[in-house]
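S.K.: sequence unknown, structure follows:
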């Protein structure tokens, strides 16, 4: 990969807009058959970030013609009530995708809740059956975690060759790191996953063609931590000392040796929501 004098932006908003237009067209085609895709979102508690994110999802669904069902509960709701709600949604033929917004209160077992969602309606792709399908790279139709899937769409749109590429994933969460690992393996990339227990972590990022960071801490990585021309996917959503939304990566766009980067905001975030809508419609189509 060659070096660049100025970092080039991987425009998530632009690609998300294109993806949303495609999704909207699919919704129109389904409407001709008398079918409306439906997504149900369960929100527990008063976390401001979660509420904002859920509102954005609901707004986008309405814009695209997807039926959106909101189930909101107070912080002290019982685990049984949440699970009973999911079971009712599992049996509702008008609901194609079910999503439970994280984080959940400590008295609710998040994995138990995720396991309750029918694999066929697990629009977030977190059910162990769907994770297993992904790691086995089965030639079947199943949902995939939306942020990693959106990242793959971005890389495809920017014609990034993943075959044999050296990819470093910073972070090993079930939401990003692990499904990202599977997707990259399936794309024939050579992957290293680094995390809080990795010694000399930055030696790995400095040798990578592509770095995907999902740590959730500003300035986890700096300009000097990348090789010239590297592609950097910044999944971080953090606030700096001025309350400004920033990612994990601190860099100077005019002098950095990074080749391409997803900005925060405007990079991975819009792609996650667009992919969620895309996948809801796909799951509707799979069920026909």
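M.R.: It's in. Please read these numbers as outputs of a predicted model, since none were measured by experiment.

S.K.: near residue 142, how many other residues are there?
M.R.: Look at residue 142: counted by other C-beta atoms under 10 Å, it has 18 neighbours. Yep, even glycine has a C-beta here, placed from its N, CA and C like the rest.

S.K.: that one sits in which helix or strand?
M.R.: Following DSSP states H and E, there is no helix or strand that holds residue 142.

S.K.: same question, residue 27
M.R.: Counting by DSSP H and E, residue 27 is part of helix 12-32.

S.K.: list the buried residues in that helix.
M.R.: 12, 15-16, 19-20, 23, 26-27, 30 (16 or more other C-beta atoms under 10 Å).

S.K.: now it: how far from the chain's centre is it?
M.R.: When C-alpha coordinates are averaged (C-alpha atoms, centre = their mean, to the nearest Å), helix 12-32 and its chain have centres 17 Å apart.

S.K.: for the helix or strand following that helix, enumerate the helices and strands it packs against.
M.R.: Using DSSP H and E, the next helix or strand after helix 12-32 towards the C-terminus is strand 38-44. The elements that strand 38-44 packs onto, with contact taken as 3 or more C-beta pairs under 8 Å, 6 or more residues apart in numbering; DSSP states H and E, are helix 48-64, strand 67-73, helix 79-90, strand 97-100, helix 268-286.

S.K.: adjacent strands (with direction) for strand 38-44?
M.R.: Using DSSP bridges, the strands paired with strand 38-44 are strand 67-73 (parallel), strand 97-100 (parallel).

S.K.: present the ones you listed as JSON lines; the columns should include distance to residue 108, mean pLDDT and mean neighbour count.
M.R.: JSON lines is the format used below for those (distance: least, C-beta to C-beta, whole Å; pLDDT from 0 to 100; neighbours: other C-beta atoms under 10 Å):
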{"stretch": "strand 67-73", "distance to residue 108": "10", "mean pLDDT": "97", "mean neighbour count": "16"}
{"stretch": "strand 97-100", "distance to residue 108": "9", "mean pLDDT": "98", "mean neighbour count": "24"}
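
S.K.: reformat the ones you listed as TSV; add distance to residue 271.
M.R.: As requested, the strands paired with strand 38-44 are exported to TSV (distance: least, C-beta to C-beta, whole Å):
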stretch	distance to residue 271
strand 67-73	19
strand 97-100	16
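
S.K.: ramachandran coordinates for the closest residue in space to residue 208 that isn't next to it in sequence?
M.R.: Nearest residue to residue 208 in three dimensions, chain neighbours excluded: residue 168, at 3.9 Å (C-beta to C-beta, 6 or more residues apart in numbering). Main-chain torsions, residue 168, degrees, to the nearest 10: phi -110, psi 120.

S.K.: go through the helices and strands packed on strand 38-44 and name the closest to residue 227.
M.R.: In terms of C-beta to C-beta, the element of these nearest to residue 227 is helix 268-286, at 21.1 Å.

S.K.: may I see the buried residues of the closest one?
M.R.: Here helix 268-286 shows 268-284 as buried, counting by 16+ other C-beta under 10 Å.

S.K.: same deal with stretch 54-69?
M.R.: For stretch 54-69, the neighbour count (16+ other C-beta under 10 Å) marks 54, 57-58, 60-61, 64-69 as buried.

S.K.: same deal with stretch 102-118?
M.R.: Quick answer for stretch 102-118 (16+ other C-beta under 10 Å): 104-105, 108, 110, 113-117.

S.K.: okay if I get those as JSON lines plus distance to residue 129, secondary structure and pLDDT?
M.R.: Below are the buried residues of stretch 102-118 laid out as JSON lines (distance: C-beta to C-beta, whole Å; DSSP: H, G, I helix; E, B strand; the rest coil; pLDDT from 0 to 100):
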{"residue": "104", "distance to residue 129": "20", "secondary structure": "coil", "pLDDT": "96"}
{"residue": "105", "distance to residue 129": "25", "secondary structure": "coil", "pLDDT": "96"}
{"residue": "108", "distance to residue 129": "21", "secondary structure": "coil", "pLDDT": "98"}
{"residue": "110", "distance to residue 129": "17", "secondary structure": "helix", "pLDDT": "96"}
{"residue": "113", "distance to residue 129": "15", "secondary structure": "helix", "pLDDT": "98"}
{"residue": "114", "distance to residue 129": "11", "secondary structure": "helix", "pLDDT": "97"}
{"residue": "115", "distance to residue 129": "9", "secondary structure": "helix", "pLDDT": "97"}
{"residue": "116", "distance to residue 129": "12", "secondary structure": "helix", "pLDDT": "98"}
{"residue": "117", "distance to residue 129": "10", "secondary structure": "coil", "pLDDT": "98"}
